[in-house]
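Novice: Below are the sequence and a predicted model for it; my questions follow.
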Amino acid sequence: MVFLCALLCPLWLVLFLVISAVSLSAQKQPEHLSRVQNRDWPVYLGENGAHYSPLAQINKANVKQLQIAWIYETEETGGLQTSPIVVHGILYGISPSQKVFALDAATGKLKWKFDSGIVGTQPDRGLAYWESGSDHRIIVGVMNFVYEINADDGSAIARFGDHSRIDLRENLGRDPASVSIALTSPAVVYKDLFVVGGREPETLPCPPGDIRAYDVRTGRLRWSFHTIPHPGEFGYDTWPKDAWKTIGSANNWAGMTLDERTGILYVPTGSAAFDFYGGDRVGDDLFADSEIALNAETGERIWHFQGVRHDLWDRDFPSPPVLVTVKRDGKDVAAVAQTTKHGFVYLFDRANGGPLFPIEYHKYPPSNVPGEVAAKEQPLPTKPAPYARQLLTEDLLTNRTPEMHHWALEQFQTFRSEGQFVPLGTKQNTVIFPGFDGGAEWGGPAFDLETGILYVNANDVAWTGALAENTSDDSSGPGIYQSQCSICHGDNRAGSPPAFPSLIGVGSRLTSGAIADVLQKGRGRMPAFPSLSATQIGALIGYLTLSEDQMPSPTEPALQSKYRFTGYKKFLDPEGYPAVVPPWGTLNAINLNTGEYAWKVPLGEYPELAAQGLKNTGTDNYGGPVVTAGGLLFIGATNYDKKFRAFDKSTGELLWETTLPFSGNATPITYEVDGRQYVAIAAGGGKDPKSKSGGVYVGFALGR
């Protein structure tokens, strides 16, 4: 156009048009240029859920020069699992009590903070961002509410929902006052919609795990997908009649992944309640423990795969799936990869759900618990091989010391250990290996777009579990404890620290008011129990504050589930270390083109054991990795050593590590501002009862 004007117009007019065009372009481009100059991380866990960045300024040659660029201290305790986002050079994060804040992503300087007035007591793993023109919004869960916040100044969006928020307890077909739900994983944004799941109790009563989409601008509910089908809906016949009215969960607590190109939303779900006894939900229980592909615009089902039929082991799909591209017969295939608690990767064609590695259905033993009908078959992929051990045998018992080995052997001889999908019984403890936390967990895997390699960090520790017949009325203190609390804290109230604390002597540590507050609001992994009346709470507190020699002997039959879980028991030796041989946690690199492993290394160590020469044992780890075009894999996650590490993504060689203020039980991010690449992680700890917890965000960059 300018060239044509030069032929037809005077020179002064040409100059005027050129200058005007440049000026107009400058006025229209700040947002676009910001995207170019600030290589953002605008979506939870990265685009396509892949935990991948094309940035390469920090690379294998210079990663040892990484140093702290900024620190943001929330001045709170309680731990962090948040993976922040960065948009237009601003980092958005969440504090342990669920205050939302914005930082200058280059300096860590606070720009604004939003306090809803609600003290969050559940994990809050991320945020979502939406924009249209000059309207920029943060979408964030605070317990059972979803708020929208002006991303520019931190003010609440008054015209959204009811006074800037919607209540997720509503529209679930239950009395909202009795519903416990919390948005622990962030919403997924598609056009003018955002879609949510939610964390729910694992005992009855609890709400159904509906997947719901809301209008971004108004908060109006646009569609719901019933994971416990209603009459006339697909899958209804896999449940008892009208199960949707009484059975709960089958919820998406781990998060979802959107293919923006096709508008398909991939939703992993968890088990139905009650987790370990399903006599009141006999059938396959579709869509619990499933991968569901939904039309993001309408909520209509496109395809599904059920990973566990009639789940009796709490084998949820534990993380958002990853959208990947793999090679098949020389062609690129768009696929979706889903990791599992029991140590397998499923790989499906994104469009139709066809498995890209064969899936075999294996037969498993029936349940011997009255009323229970276990599924006869369960599916497992033939490739890749599992990234966690599958069967606990004598040769895998700890040999850390002869005394510990002898103790472990005595315990093992009392267990039932036959591998995956063995129904729990009432006569002895059954081994769950890998344990109830996985295998893979909520941090999710990373996928390298360049090589087709999937990186999965995993736990590799055995747990045990058993059932017991309920013997108390659910209005009594013992009965309420059995039906609602023993699942985590055990029949003997001893728990399984650090995941599930002991309640023995809780009356000497907390007042009755403080115990009631936790019951009503939840804390950490523990959900709220709004369905308990004031009388029931009083009875439960009375029971919890009794000394062991005062505990009554329950005699009355239960009114809830016929059987209860006797408590999560991690198989630890008397000194608190895993009673199996290392590795106790691993980092795995799997080539999804071939299904073969590129490498596998232990992840984490216990500092006190390392000082004694027992290094590289691996440990429990929570929070995922990030992989970059610079040849690096960054990960925190480890519970006890507080380390943040960078590995050579090709070989698994450790290239750099640093010690964080608290354990980094969160997935890191990487981004670029004004030509400088940063890596940031939330460090709050909270998984090690011997260490303090906090709430610190740390940004790293190369020295200038």
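Specialist: Yep, it's here.
Novice: Residue ranges in the stretch 351-500 of the chain under the pLDDT threshold?
Specialist: 472-476, 478, 482-483, 486-487, 496-499 (pLDDT under 70).
Novice: those helices in it, which residues are they?
Specialist: All helices of the stretch 351-500 of the chain, identified by DSSP state H, counting those that start in this stretch, fall at 402-412, 477-480, 486-489.
Novice: ok, which stretches of the stretch 1-150 of the chain are helices?
Specialist: Under DSSP H, counting those that start in this stretch, the stretch 1-150 of the chain gives helices at 2-8, 11-28, 30-37.
Novice: Gly78 against Gly686, yeah?
Specialist: Yes - here Gly78 reaches Gly686: they are 6.4 Å apart, a contact under Cβ atoms under 8 Å. Any C-beta I mention is one placed from the backbone N, CA and C, and that applies to glycine too.
Novice: Between those two, tell me which one has more neighbours.
Specialist: With neighbours defined as other Cβ atoms under 10 Å, Gly78 and Gly686 compare such that Gly686 has more, 24 against 21.
Novice: pLDDT at that one, what is it?
Specialist: With respect to pLDDT, Gly686 scores 91.
Novice: Work out for me the element it sits within.
Specialist: Assigned by DSSP states H and E, Gly686 falls within no helix or strand.
Novice: Roughly how far does the nearest residue to it once chain neighbours are set aside sit from Asn368?
Specialist: Sequence neighbours aside, Gly79 is the residue nearest to Gly686 in space, at 2.3 Å (criterion: Cβ to Cβ, 6 or more residues apart in numbering). Per Cβ to Cβ, to the nearest Å, Gly79 is found 40 Å from Asn368.
Novice: In terms of packing, which of these two has more residues around it?
Specialist: Gly79 (25 against 12).
Novice: wait, what's in contact with the more buried one?
Specialist: 96, 524, 662, 665, 684-687, 693-695 (Cβ atoms under 8 Å, 6 or more residues apart in numbering).
Novice: what about the closest residue to Glu131 other than its chain neighbours, how many residues close to it?
Specialist: Leaving aside its sequence neighbours, Glu131 sits nearest to Arg137 (Cβ to Cβ, 6+ apart; 7.0 Å). Residues lying near Arg137 (other Cβ under 10 Å) number 22.
Novice: For Arg137, which residues are in contact?
Specialist: Residues in contact with Arg137, defined by Cβ under 8 Å, 6+ apart, are 129-131, 148-151, 157, 216.
Novice: For it, give the beta-bridge partners.
Specialist: Beta-bridge partners recorded for Arg137 (DSSP bridges): Trp130, Asn150.
Novice: Kindly report the same for Phe305.
Specialist: Beta-bridge partners of Phe305, as defined by DSSP bridges: Glu291.
Novice: low pLDDT regions in the stretch 501-650 of the chain?
Specialist: In the stretch 501-650 of the chain, residues with pLDDT under 70: 507-508, 511-513, 516, 520-521, 524-525, 531, 533-536, 538-539, 541-543, 545-560.
Novice: what about 80?
Specialist: Residues of the stretch 501-650 of the chain meeting the criterion pLDDT under 80: 501-561.
Novice: for it, what spans make up the strands?
Specialist: 563-565, 569-570, 585-591, 596-602, 626-628, 632-635, 643-648 (DSSP state E, counting those that start in this stretch).
Novice: Just name whatever secondary elements the second one is in contact with.
Specialist: The contact analysis (3 or more Cβ pairs under 8 Å, 6 or more residues apart in numbering; DSSP states H and E) places strand 569-570 against strand 463-465.
Novice: Pairing partners for the strand it packs on, with directions?
Specialist: According to DSSP bridges, strand 463-465 has the following sheet partners: strand 430-432 (antiparallel), strand 569-570 (antiparallel).
Novice: How far off centre is it?
Specialist: Relative to its parent chain, strand 463-465 has a centroid offset of 21 Å by Cα atoms, centre = their mean, to the nearest Å.
Novice: Next: stretch 189-206.
Specialist: With Cα atoms, centre = their mean, you get 13 Å for stretch 189-206.
Novice: in it, what counts as buried?
Specialist: Across stretch 189-206, burial judged by 16 or more other Cβ atoms under 10 Å covers 189-190, 193-206.
Novice: of all the residues you listed, which comes closest to Asn593?
Specialist: Nearest to Asn593, judged by Cβ to Cβ, of the buried residues of stretch 189-206 is Tyr190 at 29.3 Å.
Novice: What residue, apart from its backbone neighbours, is nearest that closest one spatially?
Specialist: Tyr190 sits nearest to Ala296 (Cβ to Cβ, 6+ apart), 4.2 Å away.
Novice: Check Lys60 too.
Specialist: Spatially, and ignoring its direct neighbours in sequence, Lys60 is nearest to Gly631 (4.4 Å; Cβ to Cβ, 6+ apart).
Novice: That neighbour touches Ala646, doesn't it?
Specialist: No - using Cβ under 8 Å, Gly631 is not in contact with Ala646, being 9.7 Å away.
Novice: between these two, which one's more packed in?
Specialist: Using other Cβ under 10 Å as the criterion, Gly631 and Ala646 rank with Ala646 on top: 28 against 21.
Novice: picking up where we left off before, let me know the closest of the buried residues of stretch 189-206 to Leu380.
Specialist: For the buried residues of stretch 189-206, the nearest to Leu380 is Glu202 (23.9 Å; Cβ to Cβ).
Novice: Which of the three states applies to that closest one?
Specialist: coil (DSSP: H, G, I helix; E, B strand; the rest coil).
Novice: show me the contacts for it.
Specialist: 249, 271, 273-275, 314, 487, 527.
Novice: try 7 Å this time
Specialist: By Cβ atoms under 7 Å, 6 or more residues apart in numbering, the contact set of Glu202 is 249, 273, 275, 314, 487.
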